[in-house]
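K.L.:
Sequence first, predicted coordinates after that:
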Amino acid sequence: MTTLKSANRVLRTDRRSSEGVPVDDDVPIERCRYLGIYINDHRAGGAAGLALARRCLSENEHSALGETLRHIVDEIAQDVDTLINVRRSLALKDDRLKRVIARVGERLSRFKLNGRLRGYSPLSRLLEIEALLAGIDAKRSLWLALHQRDSSACLAGFDLPALARRAEDQRERLRPHHLEAARAVFNGTASSARPGVKNRRKKIHKRKRKKN
């Protein structure tokens, strides 16, 4: 009888969830499964958010927004790497399908109506900044949620409160550009051309005048 109980205890200890997390009597399979889904959902969202931030930077490179985004893009990339390390520390399997779906969704969002048949518009800029702000808020919630995890020994090497504060800082740096983009759309207070495009057009126009 004692041997049978010991064997059952070993089997329960060696059991793993579908996400690869070791399961014992104190950690239900459901809780491990929820954690795996949660982390992979945010991992997919982070990959899509990074792609969006890079695209927004490429469209606004020669502007104050571009200067802000240049730093934020680097930080978002670091956050994505940090989340990958969190997943590995928790022994969670990577769900590549979710990442693919998220990236496809990000690419499809480029075809949304922005007031123009072709090209980038002030509305594109406003919508992209709002999407980035939403992603940053979700990321901040992620770090705060993980900080509430009971058994946090696996996450001891991650400064989750500091990561949450950095997300807050990213939001504060991006917020003025959101308001400026809104004024450009609704009040017409800024050029509808992409920053840098207008200057290139002027140079081309000058060259044509010199040739003539």
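P.N.:
All right, it came through fine.
K.L.:
Every contact and neighbour count from this point should use C-alpha atoms.
P.N.:
Will do.
K.L.:
mind listing the helices for this protein?
P.N.:
Ranges of helices in the chain, per DSSP state H, are 2-14, 29-59, 64-89, 96-108, 122-147, 160-186, 197-211.
K.L.:
now the second one against helix 64-89, angle please.
P.N.:
Between the direction of helix 29-59 and that of helix 64-89, the angle (axes from the mean of the first three to the mean of the last three CA atoms, to 10 degrees) works out to 160 degrees.
K.L.:
From the contact counts, what lies against helix 29-59?
P.N.:
Packing partners of helix 29-59 (3 or more CA pairs under 8 Å, 6 or more residues apart in numbering; DSSP states H and E): helix 64-89, helix 96-108, helix 122-147.
K.L.:
just flag whichever of those helices has the lowest average confidence.
P.N.:
Lowest mean pLDDT of the helices and strands packed on helix 29-59: helix 96-108, a mean of 63.
K.L.:
what's the spacing between the nearest residue to residue 58 once chain neighbours are set aside and residue 30?
P.N.:
Excluding its sequence neighbours, the residue lying closest to residue 58 (CA to CA, 6 or more residues apart in numbering) is residue 66, at 7.9 Å. Residue 66 is 44 Å from residue 30, where distance means CA to CA, to the nearest Å.
K.L.:
Those two: which has the busier surroundings?
P.N.:
Taking neighbours as other CA atoms under 10 Å, residue 66 and residue 30 compare with residue 66 leading, 20 against 12.
K.L.:
wait, that one sits on residue 57?
P.N.:
Yes. If you go by CA atoms under 8 Å, residue 66 and residue 57 touch, sitting 5.4 Å apart.
K.L.:
mind listing what the residue nearest to residue 58 touches?
P.N.:
Shown in contact with residue 66 (CA atoms under 8 Å, 6 or more residues apart in numbering): 57, 58, 60.
K.L.:
which residue packs closest to residue 69, ignoring adjacent ones?
P.N.:
Closest to residue 69 by CA to CA, 6+ apart is residue 57, at 5.9 Å.
K.L.:
nope, residue 168 is what I meant
P.N.:
Of all residues beyond its chain neighbours, the one nearest residue 168 is residue 140 (7.1 Å), with distances taken as CA to CA, 6+ apart.
K.L.:
And for residue 167?
P.N.:
That would be residue 140: by CA to CA, 6+ apart, it lies 5.5 Å from residue 167.
K.L.:
Likewise for residue 147?
P.N.:
Closest to residue 147 by CA to CA, 6+ apart is residue 160, at 6.1 Å.
K.L.:
is it true that residue 77 touches residue 50?
P.N.:
Yes. Residue 77 is in contact with residue 50 according to CA under 8 Å; the separation is 6.5 Å.
K.L.:
Have a look at those two and say which one is more surrounded.
P.N.:
Higher neighbour count among residue 77 and residue 50: residue 50, with 22 against 17, using other CA under 10 Å.
K.L.:
How much space separates that one from residue 94?
P.N.:
18 Å.
K.L.:
before we move on, what about residue 158?
P.N.:
Separation of residue 158 from residue 94 (CA to CA): 19 Å.
K.L.:
Same check on residue 75?
P.N.:
From residue 75 to residue 94 the distance is 22 Å (CA to CA).
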